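>>> Show me the folded form of this:
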Amino acid sequence: MSLLNRLGLFLVLCICTRSSNAAPLSITGKFQSWFPFYAEELDAASVQCKPELEAYWSDGKNATIPYAPGTLCINAQSCLLDALPEYSIANMGSSTVLLGLAPAILGLVGPTLPDTSVLMIQRPILSSLVLLGAPAMNPITLFSNTNVEDVLLLKPSAIMVALQRSILSWRTGQNGVKVRISTWKTAIISAAQYLLALAAVANTIHNTVMLDLGTSVSWRCSSFGLPLLWNTLSVPISWLAAIGLWYRVGSFNGRKGSDAQLRTNSRAFIRRFITSEHVPCLFQPQPAWNQQNVPPTVVSDLTYLAACLLLLVIYGFGTLVFSSLLFVAVNDSAIVLLRYAISACCCRFLLWFELESMRLWAGEKDDAEELDMLSGGESHLQY
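Predicted coordinates:
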């Protein structure tokens with residue numbers, strides 16, 4: 001077994017919580033744990049293929065049959081498939097179709113790249129957890145207009161307006177200005193968000209690890225960690241898009257002043273990462289970077305385009321991996337897909353709550369400015 005495969009298996013076993021029907025696992029290779037539906041048939045096939053399996057698990061040291069270099073895993077995989085009945089092979093073929101559609105199906109429920117990029121600026125850790133918990137990102141908005149206003153200037157839903165009225169507290173400050181009060185509700189909502197995000201991450205990773213251990217990729221028999229790699233690559237891609245947005249705002253502020261001002265704005269962004277991470281957007285003031293019409297730059301557009309292209313590559317990679325998984329029935333694939341969908345819905349809810357909060361304050365800011373223009377005076381809302 002290559003060093004890369006050993007590293008992948010070590011990471012998988014570190015994360016995995018062994019299921020009750022799983023065989024004892026060691027860092028020797030595949031074909032030691034099965035999904036429940038065909039577990040008995042595969043255990044019987046493993047007895048018939050014991051020489052091939054022993055040769056593969058021992059990396060050829062305990063081989064009692066001749067083999068060509070690099071074919072140990074392929075021989076074991078072929079023997080297991082030959083030992084299964086035809087109806088089981090047909091069922092597994094249908095399962096590969098279902099799993100191959102999983103990235104596209106889950107992407108419809110998952111977050112979009114512009115949305116996660118905006119949330120990265122406000123709450124980077126929570127946004128990263130959302131991306132880890134959501135198995136796939138939504139590809140529909142790829143290569144679309146990336147102006148921040150397109151994400152935040154949508155009208156907040158009536159549900160979010162009702163939540164604002166029931167959750168927020170206000171006090172009257174100097175000159176009759178209404179100011180939001182940070183109460184114990186901030187800590188409760190923030191803790192609930194992190195717990196929900198961590199639960200989604202744990203469910204997604206455990207589901208991915210068990211899928212990896214109970215199957216094998218037809219074109220990469222002995223590889224470990226390919227499904228987990230597909231699941232985690234969306235995080236650095238979204239960070240790339242967020243860096244483009246950050247550069248766009250920073251370069252705009254730098255053109256308005258000096259290079260020293262640009263460096264000051266960069267430090268201000270870092271400070272904001274630290275101070276705003278644990279505070280829900282509902283309790284945060286309207287971000288300064290959204291209070292100005294920031295034009296796009298060549299660097300920001302190229303960065304976002306690169307993130308979109310990488311996301312398409314990840315979609316192709318995920319489809320290739322999941323459509324090649326063997327030794328899993330349709331029933332087990334449906335359960336895997338359902339667990340992924342539950343995590344995706346939880347993460348989508350967290351993203352919706354945060355973005356709706358930002359849209360809420362953006363909308364009230366616009367209403368206050370319109371009121372100023374009509375009345376010729378100052379509004380009574382502070383952001």
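
>>> Now Gln48: closest residue in space that isn't a chain neighbour?
Nearest non-adjacent residue to Gln48, counting by CB to CB, 6 or more residues apart in numbering: Ala83, 4.8 Å away. Where C-beta positions appear, they are placed from N, C-alpha and C, glycine not excepted.

>>> Confirm for me that the one you found is in contact with Glu52.
No. Counting by CB atoms under 8 Å, Ala83 does not reach Glu52; the two are 10.1 Å apart.

>>> Now do the contacts for Val328.
By CB atoms under 8 Å, 6 or more residues apart in numbering, the residues touching Val328 are Phe35, Tyr38, Met92, Ser95, Leu99, Leu211, Gly214, Thr215, Val336.

>>> and the last one, what helix or strand is that in?
In the assignment (DSSP states H and E), Val336 maps to helix 330-375.

>>> if we can go back for a sec, which of the contacts of Val328 fall in strands?
Counting by DSSP state E, the contacts of Val328 place none of their members in strands.

>>> The residues you listed in helices, which ones?
Met92, Ser95, Leu99, Leu211, Gly214, Val336 (DSSP state H).

>>> Which ChimeraX command selects the buried ones in these?
Buried residues among the ones in helices among the contacts of Val328 (16 or more other CB atoms under 10 Å), as a ChimeraX selection:
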select :92,95,99,211,214,336
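
>>> Would you reformat the ones in helices among the contacts of Val328 as a markdown table and include pLDDT and distance to Thr112?
Formatted as a markdown table, the ones in helices among the contacts of Val328 follow (pLDDT from 0 to 100; distance: CB to CB, whole Å):
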| residue | pLDDT | distance to Thr112 |
| --- | --- | --- |
| Met92 | 94 | 33 |
| Ser95 | 96 | 29 |
| Leu99 | 96 | 23 |
| Leu211 | 95 | 25 |
| Gly214 | 94 | 31 |
| Val336 | 97 | 24 |
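
>>> so which of the ones in helices among the contacts of Val328 would you say is closest to Trp57?
Gly214 (16.3 Å; CB to CB).

>>> wouldn't the closest one be in contact with Ser33 here?
Yes. Judged on CB under 8 Å, Gly214 makes contact with Ser33 at a distance of 5.3 Å.

>>> per-residue confidence at the residue positioned nearest the centre of the chain?
With distances taken as CA atoms, centre = their mean, Leu131 lies nearest the centre of the chain, 2.3 Å away. With respect to pLDDT, Leu131 has a value of 94.

>>> can you tell me how far it sits from Arg220?
25 Å (CB to CB, to the nearest Å).

>>> And Leu360, by the same measure?
Counting by CB to CB - Leu360 and Arg220 are separated by 47 Å.

>>> Show me which of these two is the more surrounded one.
Leu360 (22 against 14; other CB atoms under 10 Å).

>>> Just give me the neighbour total for the closest residue to the more buried one other than its chain neighbours.
The shortest distance from Leu360 to any non-neighbouring residue, by CB to CB, 6+ apart, is to Pro156 (4.4 Å). By other CB under 10 Å, 20 other residues sit near Pro156.

>>> Which of the three states applies to Pro156?
coil (DSSP: H, G, I helix; E, B strand; the rest coil).

>>> And the pLDDT at it?
pLDDT, Pro156: 79.

>>> That one and Arg359 touch, don't they?
Yes. The criterion here is CB under 8 Å, and Pro156 meets it with Arg359 at 4.6 Å.

>>> Could you tell me which residues touch both of these two?
Joint contacts of Pro156 and Arg359 (CB under 8 Å, 6+ apart) do not exist.

>>> Identify the residues contacting Leu196.
Cys346, Phe349, Leu350.
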